[in-house]
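# show me the folded form of this:
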Amino acid sequence: MTYVEDELNSQPACWTRAAAEAARHTAALPAAGERVAVVGCGTSYFMAQSAAALREEAGLGETDAFAASEFPRGRAYDRVVALTRSGTTTEVLTLLARLKGRTRTVALTADPQTPVMTAADDVVVLDFADERSVVQTRFATTALTLLRAHLGLHSEAVVADARAALAAELPEGLVERTQFTFLGRGWTVGLANEAGLKMREASLSWTEAYPAMEYRHGPISISTAGTATWMIGEAPGGLAEQVRDTGAQWVSSELDPLAELVRAQRLAVAVAAARGLDPDRPRHLTRSVVLAP
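Next comes the predicted model:
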């Protein structure tokens, strides 16, 4: 078993622990009514997109998401939440240094022996969700689970769905597809983006991700009999039929969308195996991006 397989299989236990941890960090995490930005890089940026949308949809305050390198210099926030598994990502550390003394910051990380521990004003350490694989699975979903629990949006039903996602067979014929499109709505757009990234990282697949309604505005034209179009969350009316009319395979689920991301992680590993690739060592990637000064 690869590291990434072991790590993605451990997610239900990690989520349960993260939900319990959320109550211990209430003071560090955004309060209702605060103006908040959530930042990260790569996978963490996509989790930031989902967390920001969830918080704003819950009516708890204006919430934006940015890649850490693209944080707007002139915009004011009450608090900035930074997601960084490694605690060493250059863009995150640079942003935290720039905000020091101006904006309250909190970092969610997996490694307490890294510079982020002093770069942020507050730190939430999820070391039980750290990973040996370059490809992120459990840290990303565990960090998002902690933020969902802080918002009052997590339940044991989500954990049960994650177990179901790990136990169920993948849809027949899915691994053999040559192009994959992931769709989301609201907070699940970030999950769709992350599913696409997992497929690219682990299996070198041709993969795209879109807001579901935007898929109709051009991208659906690439769909063929070799395409799988995977909806994470509730689909807009009529979209499934339109996709099937192209000859593409339509994939949906009744599971919680975060559990549905687990199924997409499993697909990435399965496609990698079918192509003779090692998902623990994706091409041209490292565990952390540390840029030379």
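# now do residue 288, the pLDDT please.
At residue 288, the pLDDT value in this model is 54.
# ok, which stretches of the stretch 101-250 of the chain are helices?
116-119, 138-150, 156-167, 188-203, 212-215, 239-245 (DSSP state H, counting those that start in this stretch).
# so which of the ones you listed gets nearest residue 47?
Closest approach to residue 47 among the helices of the stretch 101-250 of the chain (Cβ to Cβ): helix 138-150, 4.8 Å. All C-beta spots, glycine's among them, are computed from the backbone N, C-alpha and C.
# who are the packing partners of the closest one?
helix 11-22, helix 43-57, strand 79-84, strand 104-109, helix 257-274 (3 or more Cβ pairs under 8 Å, 6 or more residues apart in numbering; DSSP states H and E).
# burial of the closest residue to residue 147 other than its chain neighbours, as a residue count?
Nearest residue to residue 147, sequence neighbours excluded (Cβ to Cβ, 6 or more residues apart in numbering): residue 51, at 4.5 Å. The number of residues packed near residue 51 is 28, by other Cβ atoms under 10 Å.
# tell me how far the residue of the chain most remote from its centre lies from residue 202.
Of all residues in the chain, residue 245 sits farthest from the chain's C-alpha centroid, using Cα atoms, centre = their mean; the distance is 30.0 Å. Plainly put, residue 245 is 30 Å away from residue 202 if you go by Cβ to Cβ, to the nearest Å.
# enumerate every residue touching the most centrally placed residue in the chain.
By Cα atoms, centre = their mean, the chain has its centre lying nearest to residue 47, at 3.8 Å. Residues in contact with residue 47 (Cβ atoms under 8 Å, 6 or more residues apart in numbering) are 40, 83, 140, 141, 143, 144, 190, 194.
# nearest to residue 12, of the residues you listed?
Using Cβ to Cβ, the contacts of residue 47 come closest to residue 12 at residue 141, 10.0 Å.
# that closest one against residue 264, yeah?
No: counting by Cβ atoms under 8 Å, residue 141 does not reach residue 264; the two are 11.0 Å apart.
# quick one, which of those two is more surrounded?
residue 141 (28 against 24).
# quick one: end-to-end distance for stretch 164-171.
Stretch 164-171 has an end-to-end distance of 14 Å (Cα to Cα, to the nearest Å).
# what stretches of the stretch 101-250 of the chain score poorly on pLDDT?
Across the stretch 101-250 of the chain, not a single residue meets the criterion (pLDDT under 70).
# ok, residue 272 to residue 238 distance?
Taken as Cβ to Cβ, the span from residue 272 to residue 238 is 34 Å.
# and the helices of the stretch 101-250 of the chain: which comes nearest residue 30?
That would be helix 138-150 among the helices of the stretch 101-250 of the chain, by Cβ to Cβ, at 7.8 Å.
# tell me the angle that closest one makes with helix 156-167.
Using axes from the mean of the first three to the mean of the last three Cα atoms, to 10 degrees, the inter-axis angle of helix 138-150 relative to helix 156-167 is 160 degrees.
# pull helix 138-150 out as PDB, backbone CA atoms only.
The C-alpha atoms that make up helix 138-150 are tabulated as PDB, following Å, rounded to 0.1, in the frame of the first residue of the first chain:
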ATOM      1  CA  ARG A 138      -6.000  13.800   4.900                       C
ATOM      2  CA  PHE A 139      -4.400  17.000   6.100                       C
ATOM      3  CA  ALA A 140      -6.500  19.100   3.600                       C
ATOM      4  CA  THR A 141      -9.800  17.400   4.500                       C
ATOM      5  CA  THR A 142      -9.000  17.400   8.200                       C
ATOM      6  CA  ALA A 143      -8.300  21.100   8.200                       C
ATOM      7  CA  LEU A 144     -11.500  21.800   6.400                       C
ATOM      8  CA  THR A 145     -13.400  19.500   8.800                       C
ATOM      9  CA  LEU A 146     -12.000  21.600  11.700                       C
ATOM     10  CA  LEU A 147     -13.300  24.800  10.100                       C
ATOM     11  CA  ARG A 148     -16.700  23.200   9.300                       C
ATOM     12  CA  ALA A 149     -17.000  22.100  12.900                       C
ATOM     13  CA  HIS A 150     -16.100  25.600  14.100                       C
END
